[in-house]
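> prediction below, plus the sequence it came from.
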Amino acid sequence: MQGGTQAEIAEAGGLTQAAIWGIEKRRVALGVEREMRLARALHVHPAVLLFPDWDVEREAERAG
């Protein structure tokens, strides 16, 4: 569902469009429950929402 509208994502995640808007604008806290719902709606791992700028390849090189 990546790239869906706020309304589509909200419906898929069982959230309101207002909640999606608030999360995007950082006016509404994501919280664990919302994060899990949103991750399912977007078909991504919840960590993607918590760490959107995480560079997996760079971190693997550091650890290697």
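Perfect, I can see it now.

> how about Glu24: what's its closest non-neighbour residue?
Ranked by CB to CB, 6 or more residues apart in numbering and with sequence neighbours excluded, the top spatial neighbour of Glu24 is Gln6, at 7.7 Å. Just so you know, the C-beta spots here come from the backbone N, C-alpha and C atoms, and that holds for glycine as well.

> so who does that neighbour touch?
17, 20-21, 24 (CB atoms under 8 Å, 6 or more residues apart in numbering).

> what is the nearest of these to Leu50?
Of all these, Leu50 sits closest to Glu24, with 15.1 Å by CB to CB.

> what strand or helix carries Trp21?
Assessed by DSSP states H and E, Trp21 sits inside helix 17-24.

> so where's this structure uncertain?
1-2 (pLDDT under 70).

> longest helix in it, please.
In the chain, with assignment by DSSP state H, the single longest helix is helix 32-42.

> which residues touch the most centrally placed residue in the chain?
In the chain, the centroid-proximal residue (CA atoms, centre = their mean) is Leu49; its distance is 3.7 Å. By CB under 8 Å, 6+ apart, the contact list for Leu49 reads 30, 35, 38-39, 42.

> by neighbour count, which of the residues you listed wins?
Leu38 (24 neighbours; other CB atoms under 10 Å).

> and Val56, how far from Leu30?
21 Å (CB to CB, to the nearest Å).

> actually Leu38, sorry about that
7 Å.

> which neighbours do the two have in common?
Jointly contacting Leu38 and Leu30 under the rule CB under 8 Å, 6+ apart are 23, 49.

> rewinding a little: now flag whichever of the contacts of Leu49 is closest to Gly64.
Scanning the contacts of Leu49 for proximity to Gly64, where the rule is CB to CB, the winner is Ala39, at 27.7 Å.

> hmm, the closest one is touching Val48, no?
Yes - applying CB atoms under 8 Å as the test, Ala39 and Val48 come out as touching, 7.1 Å apart.

> with that, I have no additional questions.
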